[in-house]
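> have a look at this prediction, sequence included:
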Amino acid sequence: MADYGTDALSERRALARRRAYEAPLETLNPAWASAFRDDAHWPYFERLRAEDPVHYTPDSNYGAFWSITKYHDIMAVDTNHQVFSSALGIGLPPKDSVLPADAMLEMDRNRAHSFIDMDPPGHDIQRKTVSPAVAPARLAQMAPQIRERAGVILDSLPIGEPFDWVDLVSKELTTMTLATLFDFPFEERRKLTHWSDTMTTAPGFGPVATYAERRATLAECRDYFVQLWNERVNAEPRGDLISMLAHGRETRDCSMDEYFSNVTLLIIGGNDTTRNTISGSVFALNRYPDQYDRLRADPSLVPSMVSETIRWQTPLAHMARTAVQDFEFKGKRIREGDRVVMWYVSGNRDEEAIENPDAYIIDRPRPRQHLSFGYGIHRCVGNRLAELQLTIIWEEIMKRFPEIRLLEEPRRSYSIFIKGYEEMNVVIPARR
């Protein structure tokens with residue numbers, strides 16, 4: 001792939017590398033949304049893995065936090081929910097000086113009640129309520145519909161004309177699937193995309209400009225899903241996620257705050273991982289044309305390529321926990337109340353756990369060896385659905401198009417949480 005970076009982008013990446021290695025280690029901060037947007041975050045994690053894999057940042061736009069950057073250390077934290085709790089949120093929220101206090105309280109209230117923000121046994125009980133929606137039997141039922149929709153999307157793409165792959169393909173397929181899981185009105189499915197982007201992107205860098213607009217948009221989302229709850233709770237139980245929550249023994253009496261928190265989790269989880277990996281696969285195959293040649297020569301490598309892309313892309317950069325007691329970890333004293341960030345994006349590039357981790361190799365011997373879905377009890381409940389959508393879309397792509405050609409550097413998300421793409425201009429030169 002040609003170098004699509006502009007001079008300005010190259011300069012920003014060079015500056016990020018200098019900052020990563022010139023900053024005093026004791027104050028090093030890897031949580032820069034601008035660095036993730038520029039794909040310039042890698043040097044921070046390279047240095048931390050090599051020099052201080054359990055690292056304390058005393059101050060940042062997100063407050064003080066610990067960074068866990070090595071593969072096996074992340075696994076150790078992710079499985080120790082007795083010490084590292086999810087109950088105070090799984091992300092790094094901005095400090096009050098950056099985010100208005102009322103918005104901060106709103107976010108904390110919503111986070112505190114979804115099952116990803118719970119520890120056992122509450123987590124396990126609520127997770128079991130929605131897991132049948134993505135069970136193997138249900139996925140087998142959904143696969144023909146996903147394949148049909150993928151074909152319709154791909155057959156509608158222009159040939160020989162530039163277009164935005166993120167909008168016409170990545171968003172469209174994942175939003176269709178998410179609408180099916182919710183039994184959401186299909187003609188209004190792009191509301192789900194809008195709401196998801198509003199939840200995960202800071203105002204001014206996504207679909208809304210201000211925190212007031214953000215609150216109004218999320219209120220609209222909440223009202224819509226409360227209406228869906230009222231419809232489903234008064235109807236016979238069905239197989240969609242809203243009906244499962246409305247009729248589930250452990251969730252039917254939950255508050256609307258708790259219900260909406262689970263809805264927001266499912267919207268984000270059902271959207272971002274798959275959507276950004278679909279886009280990431282196009283970027284990776286263009287960046288590594290030898291791997292694209294290998295895939296064209298042997299399309300049976302699609303499932304392995306999908307898993308390698310999920311690792312290489314790492315669509316969710318981190319998850320966070322809060323220490324509920326003082327704890328000695330790798331020679332460091334983590335205090336009760338400290339925020340501890342598991343940087344999946346770094347663990348997936350740990351050379352001590354994964355051979356040649358920076359390279360994109362679609363026929364790795366163990367392609368599912370990655371942390372992109374998390375690890376332990378909080379492992380992504382929809383991971384197999386994500387793999388299914390990705391596998392199907394690429395099987396259908398390989399039947400139709402000899403090449404999807406990237407035209408320029410994609411525009412990435414301004415976020416330290418969602419590692420994704422906002423726009424990716426491509427051209428398909430010809431059909432098969």
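Yep, that arrived. Residues are numbered from 1 along each chain as shown.
> can you pull out the strands in the stretch 251-400 of the chain?
Remark: strands assigned in the stretch 251-400 of the chain by DSSP state E, counting those that start in this stretch are 318-323, 327-329, 332-334, 339-343.
> to Y288, which of these lies closest?
Among the strands of the stretch 251-400 of the chain, the nearest to Y288 by CB to CB is strand 339-343 (23.4 Å). All C-beta atoms are positioned from the backbone trio N, CA, C, and that covers glycine.
> how far away from the center of its chain is the closest one?
What separates the centre of strand 339-343 from the centre of its chain is 16 Å, taken as CA atoms, centre = their mean, to the nearest Å.
> contact partners of that strand?
Contacts to strand 339-343, defined as CB atoms under 8 Å, 6 or more residues apart in numbering, come from residues 30-31, 45, 63-69, 74, 77-78, 84, 92, 317-323, 334, 371.
> please pick the buried ones from the residues you listed.
30-31, 45, 63, 65-69, 74, 77-78, 84, 92, 317-323, 334, 371 (16 or more other CB atoms under 10 Å).
> what ranges do the helices span in the stretch 251-400 of the chain?
Per DSSP state H, counting those that start in this stretch, the stretch 251-400 of the chain carries helices over the ranges 256-287, 289-297, 302-313, 344-347, 383-400.
> so which of those is the most surrounded?
Among the helices of the stretch 251-400 of the chain, helix 344-347 has the highest mean neighbour count (mean count of other CB atoms under 10 Å), at a mean of 28.
> and that one, what other elements does it pack with?
helix 42-51, helix 71-78, strand 318-323 (3 or more CB pairs under 8 Å, 6 or more residues apart in numbering; DSSP states H and E).
> name the helices or strands packed onto the second one?
When contacts are defined as 3+ CB pairs under 8 Å, 6+ apart, helix 71-78 packs onto strand 327-329, strand 339-343, helix 344-347.
> give me the distance from it to the chain's centre.
For helix 71-78, the separation from the chain centroid amounts to 18 Å (computed by CA atoms, centre = their mean).
> and the next element down the chain from that helix?
strand 84-85 (DSSP states H and E).
> tell me which strands that next one pairs with, and in which orientation.
Using DSSP bridges, strand 84-85 pairs in its sheet with strand 318-323 (antiparallel).
> burial of D363, as a residue count?
Residues near D363, counting by other CB atoms under 10 Å, number 14.
> residues contacting it?
By CB under 8 Å, 6+ apart, D363 lies in contact with 294, 301, 304.
> same thing with S281?
Going by CB under 8 Å, 6+ apart, S281 touches 305-306, 309, 313, 390, 394.
> again, only using 10 Å
S281 sits next to 170, 292, 295, 302, 305-306, 308-310, 312-313, 360, 362, 390, 393-394, 397, 404 when contact means CB atoms under 10 Å, 6 or more residues apart in numbering.
> kindly report the same for H41.
Counting by CB under 10 Å, 6+ apart, H41 touches 13, 16, 20, 30-35, 317, 343, 345-346, 416, 419.
> next step: those residues restricted to strands.
If you go by DSSP state E, the contacts of H41 have W343 in strands.
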